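following is a predicted model, sequence given first.
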Amino acid sequence: MAEKSEYLTEEEKKYLLQLARRSIVHFLKNHRMLEEEVENPRLRHKQGAFVTLKVNGELRGCIGYPLPYKPLYQTIIEMAVAAATEDYRFPPLRQEELNDLRIEISVLTLPRKVNKPEEVVVGRHGIIVSKGFNKGLLLPQVPLEYGWDLETYLNHGCLKAGLPADEWRRGVNLEVFEAQVFSEEETD
């Protein structure tokens, strides 16, 4: 990903996963955001992140900030709730689904432009495909989960951006990023 010092520790990962779950539970119960202050400077550092929710192994929500807008812990609070309640592809999460819910967090590096599609490394790089007002993002774990090769990955990046699947062959803005990905399944 980046320098070793930028990796989250096991304790920090566990804390963020617990924070994401507490944020969702709090919001479903009280209809407002969890308020929490964190002293850890690593978690107060602004960083992009996505929160992915799965219920019984099926995708149930995935929302995040690709860029470092807010301190990491605040991003996790907000994106956990957004993934649970605002992902337009799914109905809002219900309290009775919480026992079957598994949370995955992806903490992102800053995106960087690549000049050729061949520079994308499947399984290492997440991609952001854009052209005009269209933009789509896929996390680095997605092509591995579906067994995609580079061409399929780029096709799906274009589709996510609302472009024809092969638009990357005609020219798009292509950025890559890396992610430290961790889930409750690893820490259970």
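Right, received. Where do you want to start?

make it CA atoms for all contacts and neighbour counts henceforth
Will do.

pretty sure residue 106 sits against residue 62.
No: counting by Cα atoms under 8 Å, residue 106 does not reach residue 62; the two are 10.3 Å apart.

anything in contact with each of the two?
Overlap between the neighbourhoods of residue 106 and residue 62 consists of 50, 51, taking contacts as Cα atoms under 8 Å, 6 or more residues apart in numbering.

low-confidence bits of the chain, can you list those?
Low-confidence segments of the chain (pLDDT under 70): 1-6, 186-188.

and the closest residue to residue 70 other than its chain neighbours, what are its bridge partners?
Excluding the flanking residues, the one nearest residue 70 by Cα to Cα, 6 or more residues apart in numbering is residue 46, at 4.9 Å. When bridges are taken as DSSP bridges, the partners of residue 46 come out as residue 71.

please report how far residue 46 lies from residue 83.
When distances are taken as Cα to Cα, to the nearest Å, residue 46 and residue 83 turn out to be 20 Å apart.

which one's more surrounded, the two?
Relative neighbour count places residue 83 above the other of residue 46 and residue 83, with 23 against 17, counting by other Cα atoms under 10 Å.

thought residue 54 was touching that one, still the case?
No: applying Cα under 8 Å, one finds residue 83 not in contact with residue 54, separated by 10.1 Å.

find the residues that touch each one of those two.
Here residue 83 and residue 54 share the contacting residues 60, 61, scored by Cα under 8 Å, 6+ apart.

for the residue nearest to residue 70, what are its contacts?
Applying Cα under 8 Å, 6+ apart, we find residue 46 in contact with 68, 69, 70, 71, 72.

nearest to residue 42 among those residues?
Within those, distances to residue 42 taken as Cα to Cα reach their minimum at residue 72, with 8.1 Å.

wait, that closest one sits on residue 51?
No: taking contacts as Cα under 8 Å, residue 72 lies outside contact range of residue 51: 11.5 Å.

so where does the most centrally placed residue in the chain fall, helix or strand?
Using Cα atoms, centre = their mean, the residue of the chain that lies closest to the mean C-alpha position is residue 50, 2.5 Å off. Assigned by DSSP states H and E, residue 50 belongs to strand 49-55.

what do you get for residue 15?
When elements are assigned from DSSP H and E, residue 15 belongs to helix 10-30.

helix or strand right after that helix?
Following helix 10-30 in sequence order, the next helix or strand is helix 41-44 (DSSP H and E).
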